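>>> Got a predicted model here, sequence first, then my questions.
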Amino acid sequence: MQFGGLALFGLVVASSLVSPRAATAASLDIAAIPPAVHLPEPAAALTADARYVAEWALQSNDNQNRPFAVVDKKAARIYVFDAEGGLIGAANALLGQAPGDHSVPGVGDGDLSRIPLADRTTPAGRFASQPGRNLSGEAIVWFDYNAALAIHRVRPGASQGQRLERLASGTPADNRASLGCVVVMPEFYDSVVLPTLGQHRGVVYVLPELQPVQAMFGTAQPVAQQR
């Protein structure tokens, strides 16, 4: 099925120490921007803010014909798309323990476990993502090199059970549990994130929580992460 030239893929609904720097995109030729893109069903499962950014990214080609993810921090949800805008999957996500749309400079240096609680944020912005591995050899998707932030699975350990419960709770109120990374269920990572963003470079849009999403995304000039 074709809709506005975009292939619609099936929706999969499921319930951190090196990464690439956020990229600055080139200016767009406004005359070359196609008519407004409107994602069809079943993309209605997106939050209003996530839909807004996904449609803007496709209309302006800000995703540069690469697969992309939209992380809605207010809803504690991640949405993963193919390069043409097909929604591959959506899931609950764990985010930084502290609210905030910026990272403290140098937060990714040294012992991550010693990061003060107030600095454990998931920064908002447009990030160039890249598949990689952490120091333990685990496959992850880096989205902010300087802040040592990635999309990764819930890891084994003392907090594993509690984190799985938070992801399964169905409410975003208890999903602030990471040092700043975007953490998802292992099965969602393996079936959606890994084959889509874990094989090639992509784009990750993390939506702000302290300002309107339109203040960061949706301008004629593609938004670069502010640092």
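Great, that's in hand. These numbers come from a predicted model, not from an experiment. Residues are numbered from 1 along each chain as shown.
>>> Can you check which strand is longest in the protein?
strand 125-133 (DSSP state E).
>>> So which other helices or strands are in contact with it?
If you count contacts as 3 or more C-beta pairs under 8 Å, 6 or more residues apart in numbering; DSSP states H and E, strand 125-133 packs onto strand 139-144, strand 202-206. For the C-beta atoms, the positions are set from N, CA and C on the backbone; glycine is no exception.
>>> and it, average pLDDT?
Averaging pLDDT along strand 125-133 gives 96.
>>> Who does it pair with, and is each partner parallel or antiparallel?
Next to strand 125-133 in the sheet, as set by DSSP bridges, lie strand 139-144 (antiparallel), strand 202-206 (antiparallel).
>>> Determine which of those approaches residue 150 most closely.
strand 139-144 (4.2 Å; C-beta to C-beta).
>>> ok, and the closest non-adjacent residue to residue 100?
With sequence-adjacent residues excluded and distances taken as C-beta to C-beta, 6 or more residues apart in numbering, residue 100 is closest to residue 121, at 3.7 Å.
>>> Okay, buried residues for the helix or strand in which residue 70 is found please.
Residue 70 belongs to strand 68-72 when elements are defined using DSSP states H and E. Neighbour-count burial for strand 68-72, counted by 16 or more other C-beta atoms under 10 Å, picks out 68, 69, 70, 71, 72.
>>> ditto for stretch 52-72
Those would be 52-64, 66-72, for stretch 52-72 by 16+ other C-beta under 10 Å.
>>> taking those one by one, which sit in helices?
Using DSSP state H, the subset of the buried residues of stretch 52-72 located in helices is 52, 53, 54, 55, 56, 57, 58, 59, 60.
>>> Tell me how far residue 63 lies from residue 136.
In this view, residue 63 and residue 136 are 30 Å apart by C-beta to C-beta, to the nearest Å.
>>> Then residue 149?
16 Å.
>>> Leaving out chain neighbours, which residue sits closest to residue 160?
Using C-beta to C-beta, 6+ apart, the nearest residue to residue 160 is residue 154, at 6.0 Å.
>>> ranges for the strands of this protein?
2-3, 6-7, 12-14, 68-72, 77-81, 87-92, 95-96, 125-133, 139-144, 149-153, 176-178, 182-184, 202-206.
>>> Kindly reformat the ones you listed as a markdown table and extend each row with distance to residue 160.
Output for the strands of the chain, formatted as a markdown table (distance: least, C-beta to C-beta, whole Å):
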| stretch | distance to residue 160 |
| --- | --- |
| strand 2-3 | 40 |
| strand 6-7 | 37 |
| strand 12-14 | 17 |
| strand 68-72 | 22 |
| strand 77-81 | 19 |
| strand 87-92 | 16 |
| strand 95-96 | 17 |
| strand 125-133 | 20 |
| strand 139-144 | 16 |
| strand 149-153 | 10 |
| strand 176-178 | 11 |
| strand 182-184 | 11 |
| strand 202-206 | 24 |
